[in-house]
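Asks: With the input below, show me the fold.
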Amino acid sequence: MKKIVFLFLSTFLILMVSLNAKGLPKEYYKIKDIKKSKQYFFKYMYSLIKNENIKILNEKALVKNLLNTNLLTINFDSPSFKQLLEIKKKYRISNLYSINEYMEKIDVVPPAMAIAQAAVESGWGKSRFIKEANNIFGHWTYNPRIGMLPEERAPGATHYIRVFKTMQDSISAYMLNLNRNLAYKEFQDKRYELRKQGKKPDGLILSQTMLKYSGIGHDYLGILKQVINKNKLLEFDTKFYKEIQTKN
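Replies: Modelled structure (predicted):
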């Protein structure tokens, strides 16, 4: 009995430490070699990005399965239809039965692009945002209950740094932001265009639609392109599409 209680408490403590952890694992910050540090960063981020993309693909599959059937046969009291309503609200879909609108908004964010933005926005995982708030992509909020005060906020400004419970939550917010907001319509349209051409979403191509993500404009696109090309991040796109193909 004492052994069981000890194991339970040990597991609970590990879980609590994990939930309260901020930033990348401590071992990452101890790596001195730049090449090894980058490899660790890429591998760690890829795992989180892959998890979120799979969730999105599951939502996409649910919508396709439901709306590709005869609408007259849909059970409006079924759990699937209730999920459809939740997805409609989540992605701000205007027409409940427009499968094209769903397909344009509910899709993956290529790992190459997501990893590049994670590196740029978080200073390779070493910014205050990520270390204290699990905030990988520079998200702001005007709600002080879920934010922390920026160190150098301009007089009169009311924004806060968004605090996330986990880094996975930060990635979830980032992908939802790109998938549903009008500011990233060019991203959504270009990705959908690639799909219609029978091509997989390409991280380098889609990174060049991120003009509105940063205040530095076209310079930001150049930085993302350089990070992707220099570090051969398109290999993570290839890896991801192979892995999900194997699973399916």
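Asks: ok, Ile49 to Ile106 distance?
Replies: According to C-beta to C-beta, to the nearest Å, Ile49 and Ile106 sit 16 Å apart. In this view, the C-beta of every residue, glycine as well, is placed from N, C-alpha and C.
Asks: Could I get the average pLDDT for stretch 106-124?
Replies: In this model, stretch 106-124 has a mean pLDDT of 97.
Asks: List the buried residues of stretch 91-98.
Replies: For stretch 91-98, the neighbour count (16 or more other C-beta atoms under 10 Å) marks Tyr91, Ile93 as buried.
Asks: now could you export just the CA positions of it as CSV?
Replies: The C-alpha trace of stretch 91-98 is given here as CSV (Å, rounded to 0.1, in the frame of the first residue of the first chain):
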residue,chain,number,x,y,z
TYR,A,91,-12.9,28.5,-37.3
ARG,A,92,-15.5,31.3,-37.8
ILE,A,93,-17.1,29.5,-40.7
SER,A,94,-19.9,31.6,-42.2
ASN,A,95,-21.8,28.8,-44.0
LEU,A,96,-22.5,25.7,-42.0
TYR,A,97,-22.7,23.4,-45.1
SER,A,98,-20.0,25.0,-47.3
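Asks: ok, and the helix or strand in this protein with the lowest average confidence?
Replies: helix 2-20 (a mean of 41; mean pLDDT, DSSP states H and E).
Asks: going on from it, what's the next piece of helix or strand?
Replies: Next helix or strand after helix 2-20 toward the C-terminus (DSSP states H and E): helix 26-29.
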